[in-house]
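Asks: Task: produce atomic coordinates for the following.
(one chain, ligands or ions: 1)
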Amino acid sequence: MKQKNTLWRLTAYCFKHKISYTFLFITMFVGIGLDLGTAWYLNKITDAAVTQTQTHWPLLIIIGLIILFLTVANIYLDTYLKSKVSSQIRKNIRIDTLKKVLCLPASHFNENHSGELLTRMTNDNQAIGTACSNTILSLIRNPILAVSSFIYLMTINWKLALICALVGPMTLLVGGLFGKVLRHNSQQLQSRIGTLTSVLQEILNSSTIFKTFGLEKKLLTKFILNSEDISKFEIRGGKIQASLSATANAVGLLSFIVTFIVGAYFAASGSMTVGGLIAFIQLMNHLTWPFSGLASSWGELQQALGAADRIFKTMDEKAEFHEIPAHKMNHAFNKIEVAGLTFGYNTERLILNDVSINVEAGQKIALVGPSGGGKTTIFKMLLGLFEPDKGHIQINEKNVREMELQDLRGYFSFVPQESFMYSGTIRENIAFGKLDASEEEITAAARDANALGFISELPDGLDTHIGEGGGRLSGGQKQRLSIARALLRNAPVLLLDEATAALDNESERLVQEALDRLMAGRTTFIIAHRLSTVQHADQIIVIENGTVADKGKHEELLQSKGLYYRLYNSHLLAASTIEASA
Ligand SMILES: Nc1ncnc2c1ncn2[C@@H]1O[C@H](COP(=O)(O)OP(=O)(O)OP(=O)(O)O)[C@@H](O)[C@H]1O
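Replies: Predicted coordinates for the structure are as follows:
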């Protein structure tokens, strides 16, 4: 039932995307006609040769050349059109899958590994493309060719035609038997390829770590284990495919031998001409082999349906948006109220418990507290990446649940701890803050972020390619580009996760200056790891184990001698120890 549904869905998908099979069907029918025509031609020309009839030779030679020309042209068109259709389907599925992925909620990325998705968009996509062109067409073509060959064979010798026709159902049975096993194996294989892709991705993204920690051997062992697992399923798949082909071919070959012997007997006894026998042998290929071909095509289709199942599973996931959201900006901001916010990433553990925060426009709010307390999770809730289990967040007195997500996110700009850069140029990376930014705006943002100095020293300036993940830039340079991006976005509320990575004094001064410009006049939430930077905050909120342990201004919190006081003192102690040892 599930297989049928997937097949129908795939067919409906092709219709929806107007994948045109018209010309492919034309080449398919022309191909069938040419196969039958070739058999007829062999019949005629052999009989003419055997009986030494001279009269029709010129005509037969012309017909032969026409058949040859049409066959070559048709094979060219057929192959070209199949690859065109396959490519169109793969392109559409690739784009639709990514469209869907871009609309999926953060919880999806939390629960699924990116490697799985990569496999879906590469291997699964490839398998579907092939199935929707070559495989489907041979599954349609082969039975039609078999039936028309059978009818033609009946006109030559009905007894022999009936013997050949018995083989078809046998090979079909073989295909049915092996197809299911193949599909199951393919599902197992694809899921392991997903895991391997994830492992590979992590290895490739961690060159500094694996070199520093000498993890090469360990990572290689992990990769080998995963590769061997894949190899096991590939070999198993190969065995099933080999058994299928061997059995189907054995049945086909057997029928060929039987028919050949019986046919030769009929020809010798005069109940059939030699031309008839030649045509018979030629057509018999189309009667028996199509069925053996059917068996392996069926196997391929099963594998592709497995791949389509996985793609459709992604497409059926619950999304945040129905369509890719438009870039949105909301400038009118008055206040945020977080009340009784309670949340857990899963049902086993509460991460935030009854957190309440009130913020007026223009205020600076510092979130401080022990690691793992839930500060970043508050940011994620503000951005609507996860929904609260209890409590609410209101912006301008409107519950964010009643807002479109792109409206909610339009209030915010985010400067993460680890600046994320896309591969491309510096200009592109800054302009992600405002897609239609002018040259002047980009330059001004770069200047205010203290980035123009290093950019102008690069040979290509703003057009410098920064490599994968901005790998050709230093940590401080990436941070300043990240700030430039946020400046350009010009959102009223800034979420700033203070970088913990140690920068040298000069770099830190440049980043801090840029941040001061970015925060000026903006409501800012800062996750502060260095308590020295939050003393002038309008509110300091101390988060511990998902609850608000303390709240107030720097002096008030020091006087109340709570958690903040202890954190501050240990921070001072750490700072003075570092100074003393320097
Ligand atoms: N995506 C996630 N899925 C499941 N649990 C998570 C996820 N992100 C964080 N957690 C858990 O939630 C808790 C709070 O994490 P969070 O990142 O909000 O803390 P934090 O206060 O920002 O910590 P830090 O100061 O170290 O950055 C942690 O115990 C963490 O293990």
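Asks: Just after the longest helix along the chain, pick out the following helix or strand.
Replies: In the chain, assigned by DSSP state H, the helix with the most residues is helix 216-269. As assigned by DSSP states H and E, the chain's next helix or strand after helix 216-269 is helix 274-315.
Asks: Quick one: name the residues of this protein near the ligand.
Replies: Listed as neighbours of the ligand in the chain under the rule Cβ under 6 Å from any ligand atom: 110, 345, 351, 371-377. C-betas here are computed from N, CA, C, even on glycine.
Asks: contacting residues for E404?
Replies: By Cβ atoms under 8 Å, 6 or more residues apart in numbering, the contact set of E404 is P325.
Asks: How much space separates it from the ligand?
Replies: Remark: distance between E404 and the ligand (Cβ to the nearest ligand atom, to the nearest Å) = 24 Å.
Asks: From the residues of the chain next to the ligand, list the buried ones, please.
Replies: 351, 373-377 (16 or more other Cβ atoms under 10 Å).
Asks: I'd like the distance between T273 and V50.
Replies: Using Cβ to Cβ, to the nearest Å, T273 is found at 7 Å from V50.
Asks: what separates the closest residue to A449 other than its chain neighbours from the ligand, distance-wise?
Replies: Spatially, and ignoring its direct neighbours in sequence, A449 is nearest to A484 (3.6 Å; Cβ to Cβ, 6 or more residues apart in numbering). Relative to the ligand, A484 is positioned 24 Å away (Cβ to the nearest ligand atom).
Asks: doesn't A451 make contact with A484?
Replies: Yes. Counting by Cβ atoms under 8 Å, A451 is a contact partner of A484 at 5.3 Å.
Asks: which neighbours do these two share?
Replies: Common neighbours of A484 and A451 (Cβ under 8 Å, 6+ apart) are 430, 514.
Asks: Which strands and helices lie in contact with the longest helix of the chain?
Replies: Counting contacts by 3 or more Cβ pairs under 8 Å, 6 or more residues apart in numbering; DSSP states H and E, helix 216-269 is packed against helix 158-165, helix 167-204, helix 274-315.
Asks: most packed of those helices?
Replies: helix 274-315 (a mean of 23; mean count of other Cβ atoms under 10 Å).
Asks: what mean pLDDT does that one have?
Replies: The average of the pLDDT scores along helix 274-315 is 79.
Asks: Next, the angle helix 216-269 makes with that helix.
Replies: For helix 274-315 against helix 216-269, the angle by axes from the mean of the first three to the mean of the last three Cα atoms, to 10 degrees is 150 degrees.
Asks: Packing partners of helix 274-315?
Replies: Counting by 3+ Cβ pairs under 8 Å, 6+ apart, helix 274-315 packs on helix 2-16, helix 22-50, helix 57-103, helix 125-130, helix 136-156, helix 158-165, helix 167-204, helix 216-269.
Asks: run the last query once more with 6 Å
Replies: Using 3 or more Cβ pairs under 6 Å, 6 or more residues apart in numbering; DSSP states H and E, the elements in contact with helix 274-315 are helix 2-16, helix 22-50, helix 125-130, helix 136-156, helix 158-165, helix 167-204, helix 216-269.
Asks: Low-confidence ranges, the protein, go.
Replies: In the prediction, the chain carries residues with pLDDT under 70 at positions 1-4, 53-55, 167-172, 175, 208, 288-296, 500-504, 572-582.
Asks: list the contacts for the residue nearest to the spatial centre of the chain?
Replies: Taking Cα atoms, centre = their mean, the centroid of the chain lies closest to M121, which sits 3.6 Å from it. Shown in contact with M121 (Cβ atoms under 6 Å, 6 or more residues apart in numbering): 94, 97.
Asks: Phi and psi next, for it.
Replies: Dihedral pair for M121: phi -80, psi -10, per degrees, to the nearest 10.
Asks: And S371, by the same measure?
Replies: Backbone torsions of S371, given as degrees, to the nearest 10, read phi -60, psi 140.
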